[in-house]
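Need the 3D shape of this:
(2 chains)
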Number of protein chains: 2
Amino acid sequence: MTVLPPGALTDPAARAAATSDRSGRPGAEPLAVVRAVDVDHVVEVLRWATSTRTPVVTRGGGSGLAGGAVATQGAVVLDVAGLDRIVSLDPVDEIAVVEPGVITADLDAAAREHGLFYAPDPASAHLSTIGGNIATNAGGMRCVKYGVTRDAVLGLEVVLADGRRLATGRGTLKGVTGYDLTSLLVGSEGTLGVIVGATLRLRPVPVAEATVAASFADVETAAAATSALAAARLVPSVLELLDACTLATIDAAQGTSLSARGGALVLARTDGPDAASQASAVAAVLGATATWIEHTEDAARADELLAARRLALPSIERFGRALIEDVCVPRSRLAEAVRGIEAISAETGVTVHTFAHAGDGNLHPIVSWDPRLGDEVPEDVQLAADRIFDLALELGGTLTGEHGVGLLKREHARRELGDTGLDVHRAIKHALDPLGLLNPGKAF
Amino acid sequence: MTVLPPGALTDPAARAAATSDRSGRPGAEPLAVVRAVDVDHVVEVLRWATSTRTPVVTRGGGSGLAGGAVATQGAVVLDVAGLDRIVSLDPVDEIAVVEPGVITADLDAAAREHGLFYAPDPASAHLSTIGGNIATNAGGMRCVKYGVTRDAVLGLEVVLADGRRLATGRGTLKGVTGYDLTSLLVGSEGTLGVIVGATLRLRPVPVAEATVAASFADVETAAAATSALAAARLVPSVLELLDACTLATIDAAQGTSLSARGGALVLARTDGPDAASQASAVAAVLGATATWIEHTEDAARADELLAARRLALPSIERFGRALIEDVCVPRSRLAEAVRGIEAISAETGVTVHTFAHAGDGNLHPIVSWDPRLGDEVPEDVQLAADRIFDLALELGGTLTGEHGVGLLKREHARRELGDTGLDVHRAIKHALDPLGLLNPGKAF
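Numbering: from 1, shown residues only, chains lettered A, B, ... in the order given. So this is what the prediction gives:
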């Protein structure tokens, strides 16, 4: 038996906990779990892994939706959640330096003490770590205006598969020396290196916000209204769409009556010194075809209006097991995508709830099944999910807008990347991790 | 003698033209120049290069400032400037698909017909091509608010060294399938592949603009005032700083009297529906320490005020030869950087004019010499430039904010990247271009 690295936990509870994330797709029991105490410990684990040829799966908050951080057979899980210090936060340069285990919402809260915020806001912000957000290039509602995680990462501290330490990027707002290794590592799902530090860009908190909610007869009309906002050159900071199926399920779970107002709901937020006048302009565009509309600058009322979006997934999960999908299409094709998903649901008989970051064309079709059928994804559910992936590619889109490929979407990712693309991925993987030790079998 | 690829030009004029760019650092005469007529032609040249082991230097507008596209000994120069079609421009998705030879300003003009603009605005926008902008990750005045070229590139069409075609990225606003090969290629200075197409993000034209110009007693006061804007959480769309030496030279060349108003000039622009009120807020902050200030919403007057920045480099070049440097520091250290550059100028006796994208901490020290000394960079000028690079690294900055490394900054780039960083660069270069044919000796 192999000697394990320092600090390795082999008790069944620790090993079992590392087999799952929030994707619902379990991995396998790892050899052991190591909770890193500092960067030297990470280096030590990777040197050990190289010398023993042991695969390493890096893990943070365990909130992933694609199986990217679940343990695999024979691997050691390297848990970096304990490296959770905000090392520095410079309010003039608007830059924070953090360890990977910092909870996303905690960084945002720390920045707000200085009138700044951390823009990427995945729905899991209270559970997920910055390291995990970087590994998946996480998005969120605000990225329609403020960009995704990649846009917030200026530099990284990384430990390579062989234990060497690599600093990428810079501590300045611009810089073009060398290749953009920072962006290469962002979204690489733990397959190229272990992130042990990040230099992040913060942004000034908008001085005001306003919120608009509008119901529409059906999802096509709603999607057309969101396209009309783009055509009017309005740039909301949040632009969400919920379909009839999702509204009905929220009503059933929460006792609301969203469905009574229309068959689709659009939620928009504007920000900046002219938030109110922008919101009026948004309301004028949406109001042209809406069945109901409300428009507020009151923060408490805005939270009530936005609650529908926040409660969508918990409401759906109350009634069934779910695959949370994440396709993205050109935003002009949003209505086609929603219609196509409805057709797939009708043809397969599988329930699909859809809500979307409409401003980005990023849809979350939630493909669900009766929990009495068990934990395994039923065949018809997988078929419906596969057809949704096909639809996204046909519409000129991508499999995953913000959750990553992980274990769930590998086969489809190969199709999206193409043969030459896959060859280049393998060559880059080999360049950084020649023994193939980092998160094998994930991402592509 | 090697048989040259189809369309190869070997006449002395074509070959000589490929030895220079706007860096003032000449390369060597190439074997031949090939003006690509279409993508198949590019593929053919690269297959030929692979089979004959001939280096290939890709070239666009020839407006580079770091020698990245100048010919090298024994190479074929692949000129893609003729691939200059805007293939499509979708005003709803706010996306353009272009060939690499499109002139940057032409794309911007085409977008403006739809109420959109192309945000990256290098000073060379009327000469430089999109392909060259992508190869260097070009910046400009607007990137303080709208990001650099990388932030505008959603996907690329590339021909690899062996002639294989690779599509990276996507036609959607978000997407995380696979590694971010797009960002890896942006800024790779022609060393990883030949860009033959790009999918670019456009943005809505701001509905209004306002401009503020302010003079200060000295550059420290001016730099502190720009920091005060950041501290007040104001986000101008342009924020430029010119030092006393630059103002005096503009006055001498253009007959203006900028120096009479103060020893440093700050130019700021705001945009959006609240441009005027933002400009008032900017003027209030700058006005607290300014010796002179003006604030206008009139476009013609704004152009007059911004002319100082536009005329800076042409004015300097009227009196001498110049190395155009491009260091970037954390913006809180801008004043230290300017003071340090002044000290280097005083100690070496070499004239250095400095102007800066102050909002990004990106300085352009122009290190100049008497044209009667000839084309070769004099030793003291090189020494002053080297000391400016050292200063930038000491201040936590980078060698190059937006121009690239090219030939000019290779030695210093190695220092900035570090040993492990360099190893990783070499491994990635080897993964994509194992024979080392693409732009050898450039970038790192």
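
So residue A:187 sits against residue A:404, correct?
Yes - if you go by CB atoms under 8 Å, residue A:187 and residue A:404 touch, sitting 7.1 Å apart. Bear in mind the C-beta positions are built from the backbone N, C-alpha and C, glycine included.

Which residues are in contact with each of these two?
A:135, A:136, A:137, B:176 (CB atoms under 8 Å, 6 or more residues apart in numbering or on different chains).

would you list those residues in a markdown table and tack on distance to residue A:346?
Formatted as a markdown table, these follow (distance: CB to CB, whole Å):
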| residue | distance to residue A:346 |
| --- | --- |
| A:135 | 36 |
| A:136 | 32 |
| A:137 | 33 |
| B:176 | 29 |
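
out of these, who's nearest residue B:63?
residue A:137 (32.5 Å; CB to CB).

Count residues in the vicinity of the residue nearest to the closest one when sequence neighbours are not counted, would you?
Take residue A:137 and drop its neighbours on the chain: the residue closest to it by CB to CB, 6 or more residues apart in numbering or on different chains is residue A:187, 3.4 Å away. For residue A:187, the neighbour count with other CB atoms under 10 Å in any protein chain shown is 28.

Residue A:187: what's it in contact with?
Counted by CB under 8 Å, 6+ apart, residue A:187 has contacts A:134, A:135, A:136, A:137, A:149, A:150, A:404, B:176, B:179, B:180.

didn't residue A:133 look like it was pressed against residue A:122?
Yes - Residue A:133 is within contact range of residue A:122, at 6.3 Å (criterion: CB under 8 Å).

Show me whatever sits in contact with both of these two.
residue A:104.

what about those two, which has more around it?
Counting neighbours by other CB under 10 Å for residue A:133 and for residue A:122 shows that residue A:133 has the greater number, 34 against 25.

residues contacting the nearest residue to residue A:383 once chain neighbours are set aside?
Once flanking residues are discounted, residue A:383 sits nearest to residue A:348: 6.0 Å by CB to CB, 6+ apart. Shown in contact with residue A:348 (CB under 8 Å, 6+ apart): A:380, A:383, A:384, A:387.

Quick one, grab the pLDDT at residue A:348.
Looking at residue A:348, its pLDDT is 97.

Ok, residue A:341 next?
If you check residue A:341, the pLDDT there is 96.

ok, so what distance separates it from residue B:19?
57 Å (CB to CB, to the nearest Å).

just the helices in the stretch 1-150 of chain A please.
A:12-17, A:39-52, A:104-112, A:130-136, A:143-146, A:149-152 (DSSP state H, counting those that start in this stretch).

average pLDDT across the fifth one?
In this case it means helix A:143-146. 93.

What of the third one?
The average pLDDT for helix A:104-112 rounds to 98.

And the residue of the stretch 51-200 of chain A found nearest chain B, which helix or strand is it part of?
When scored by CB to the nearest CB, the stretch 51-200 of chain A has residue A:183 as its residue closest to chain B, at 3.3 Å. Assignment of secondary structure by DSSP states H and E places residue A:183 within helix A:181-185.

Who are the packing partners of that helix?
Applying 3 or more CB pairs under 8 Å, 6 or more residues apart in numbering or on different chains; DSSP states H and E, one finds that helix A:181-185 contacts strand A:153-159, strand A:165-169, helix B:181-185, helix B:410-432.

Could you dump these into CSV with mean neighbour count and mean pLDDT added?
Converted to CSV, the helices and strands packed on helix A:181-185 look like this (neighbours: other CB atoms under 10 Å in any protein chain shown; pLDDT from 0 to 100):
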stretch, mean neighbour count, mean pLDDT
strand A:153-159, 24, 97
strand A:165-169, 21, 96
helix B:181-185, 25, 97
helix B:410-432, 18, 94
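
Look at the residue nearest to residue A:137 and give its secondary structure.
coil (DSSP: H, G, I helix; E, B strand; the rest coil).

any chance you could map the strands in the stretch 151-300 of chain A?
Under the criterion DSSP state E, counting those that start in this stretch, the stretch 151-300 of chain A carries strands at the ranges A:153-159, A:165-169, A:194-201, A:203-204, A:209-216, A:238-243, A:264-271, A:292-296.

wait, which of those strands is closest to residue A:97?
Short answer: strand A:194-201, nearest of the strands of the stretch 151-300 of chain A by CB to CB, at 5.2 Å.
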